[in-house]
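**Student:** Sequence below, structure please.
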Amino acid sequence: MKYLLVVTGLLASVTIAAGRQPQFKSGVDVVYLDVTVQAPDGSIVRGLAKDDFLIYDEEVPQDVAVFSAEPAPISVGVLIDTSGSMTGERMAAAIRAADALGRSLQPSDLWSIATFDSTRRTMITWRPYDPGIVNSLRAMPTSGSTELFKAVAEMVPYMKDTPHRKRAMLLMTDGIDNSIIAASRDGRGDPFEAPGPRESSAKAEAALRQGEVLLYALGINVAGRAGAVHVPSLQRLAEPTGGSVIIASTVREVEAAAQRVAEELRQQYTLGFYPQNAGDKTYHRLRVMTRHPDYRVRTRDGYLTANPKQG
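**Tutor:** Reported below is the predicted structural model:
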């Protein structure tokens with residue numbers, strides 16, 4: 001799926017009103033951004049207007065053509081590590097977190113659940129949240145190794161099978177990708193210099209970039225596993241998408257973290273722009289900021305062009 005979405009219609013408004021869908025210029029590609037704004041204390045900033053935002057495409061200023069502060073319907077794919085180390089309290093914490101996320105969704109939202117060890121498996125297909133569904137997860141076996149990057153890469157194509165433009169993934173794991181473990185055994189200071197993790201992580205990053213998926217990574221440091229989560233791996237996946245990494249050390253913290261993810265998704269701004277004079281690159285780097293220098297803005301770091309200009 002391309003990052004640039006082709007939309008049709010007549011340009012009726014540059015602002016998305018509550019309950020209304022915007023119309024755009026025929027044949028023009030619009031780039032959508034889901035934007036989180038945080039105050040210095042980490043709290044989510046609401047109440048901003050269209051004119052508060054600045055968008056730069058390869059450092060070329062862009063007009064904000066689409067703006068909404070209203071929650072958009074969302075599809076959330078939950079990806080749960082079921083490798084051998086997730087046995088017991090850690091698996092129970094992940095299930096409680098999945099349930100907390102589901103309970104925080106709106107009736108118009110959809111969710112699905114997949115698990116992974118060395119193989120990714122779809123457990124629950126796209127549907128509205130149903131509390132009875134979670135009970136089916138409690139008997140999930142835990143065994144095998146942790147093919148984290150591979151699972152993320154394989155999950156992204158499945159994410160496109162929803163009617164919602166806005167899609168997010170909640171990845172829950174207590175460990176580390178097998179390729180990182182192998183590279184560490186070889187004594188490498190930076191495991192991403194090794195071919196294995198460099199290639200497998202790059203595939204996951206490329207899939208997230210192409211699939212327009214926000215990734216939130218929840219590291220589960222519960223029941224004697226403190227420090228086992230490889231944070232750099234999770235940051236490598238989450239931060240370029242506009243998502244974030246949360247590390248939780250108790251069952252209650254894991255559950256609260258999933259609720260915070262759902263709350264953040266509901267409090268994001270939707271921005272859109274028509275790319276202008278930003279060069280002929282296939283991948284365009286984006287920078288979004290507000291006119292309030294103390295605020296931190298998180299969104300995806302770029303987009304892919306459908307047909308880049310040939311120099």
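**Student:** tell me the mean pLDDT over the top strand by length along the chain?
**Tutor:** Secondary structure of the chain per DSSP state E: the longest strand is strand 28-38. For strand 28-38, mean pLDDT rounds to 91.
**Student:** Now find how far off-centre stretch 162-179 is within its chain.
**Tutor:** 7 Å (CA atoms, centre = their mean, to the nearest Å).
**Student:** Ignore what I typed, I meant stretch 89-97.
**Tutor:** Worked out by CA atoms, centre = their mean, stretch 89-97 lies 20 Å from the chain centre.
**Student:** can you list the residues that contact that stretch?
**Tutor:** Stretch 89-97 is touched from outside by 80-82, 86, 134, 137-138, 140, 142, 170, 172, 174, 218, 220, 222-223, 225, 248, 250-251, 254-255, 257-258, with contacts defined as CB atoms under 8 Å, 6 or more residues apart in numbering. Where C-beta positions appear, they are placed from N, C-alpha and C, glycine not excepted.
**Student:** Which parts of this structure are helices?
**Tutor:** 89-104, 131-135, 148-159, 178-185, 195-211, 231-238, 251-266 (DSSP state H).
**Student:** Which positions in the longest one come out as buried?
**Tutor:** By neighbour count, with 16 or more other CB atoms under 10 Å as the criterion, the buried positions of helix 195-211 are 196-197, 200-201, 204-205, 207-211.
**Student:** go on, the shortest one?
**Tutor:** By neighbour count on 16+ other CB under 10 Å, the buried set for helix 131-135 is 133-134.
**Student:** could you say what helices and strands it packs with?
**Tutor:** Applying 3 or more CB pairs under 8 Å, 6 or more residues apart in numbering; DSSP states H and E, we find helix 131-135 packed against helix 89-104.
**Student:** and the longest strand of the chain with helix 251-266, angle?
**Tutor:** 140 degrees (axes from the mean of the first three to the mean of the last three CA atoms, to 10 degrees).
**Student:** Show me what strand 28-38 is packed up against.
**Tutor:** strand 5-7, strand 53-57, strand 269-273, strand 283-290, strand 296-298.
**Student:** among the ones you listed, which is the most enclosed?
**Tutor:** Here the criterion is mean neighbour count by mean count of other CB atoms under 10 Å, and of those the winner is strand 269-273, at a mean of 22.
**Student:** pLDDT weak spots in the chain?
**Tutor:** 1-28, 186-188, 224-227, 278, 306-311 (pLDDT under 70).
**Student:** filter the contacts of stretch 89-97 to the buried ones?
**Tutor:** The buried subset of the contacts of stretch 89-97 (16+ other CB under 10 Å) comprises 80-82, 86, 134, 137, 140, 142, 170, 172, 174, 218, 220, 222-223, 225, 248, 251, 254-255, 257-258.
**Student:** Now, these that are in strands?
**Tutor:** Per DSSP E, the buried ones among the contacts of stretch 89-97 map to strands at 80-81, 170, 172, 218, 220, 248.
**Student:** and of those, the nearest to Thr146?
**Tutor:** For these, the minimum distance to Thr146 (CB to CB) is 6.2 Å, reached by Asp81.
**Student:** Same list, the ones in strands among the buried ones among the contacts of stretch 89-97, but as TSV with distance to Asp29 please.
**Tutor:** As requested, those are exported to TSV (distance: CB to CB, whole Å):
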residue	distance to Asp29
Ile80	35
Asp81	37
Leu170	29
Met172	35
Leu218	34
Ile220	40
Ala248	39
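**Student:** Closest to Lys50 out of these?
**Tutor:** Leu170 (29.3 Å).
**Student:** Isn't the closest one up against Val261?
**Tutor:** Yes - assessed by CB atoms under 8 Å, Leu170 is found in contact with Val261 at 5.9 Å.
**Student:** For the two, list the residues in contact with both.
**Tutor:** Joint contacts of Leu170 and Val261 (CB under 8 Å, 6+ apart) are 101, 216, 218.
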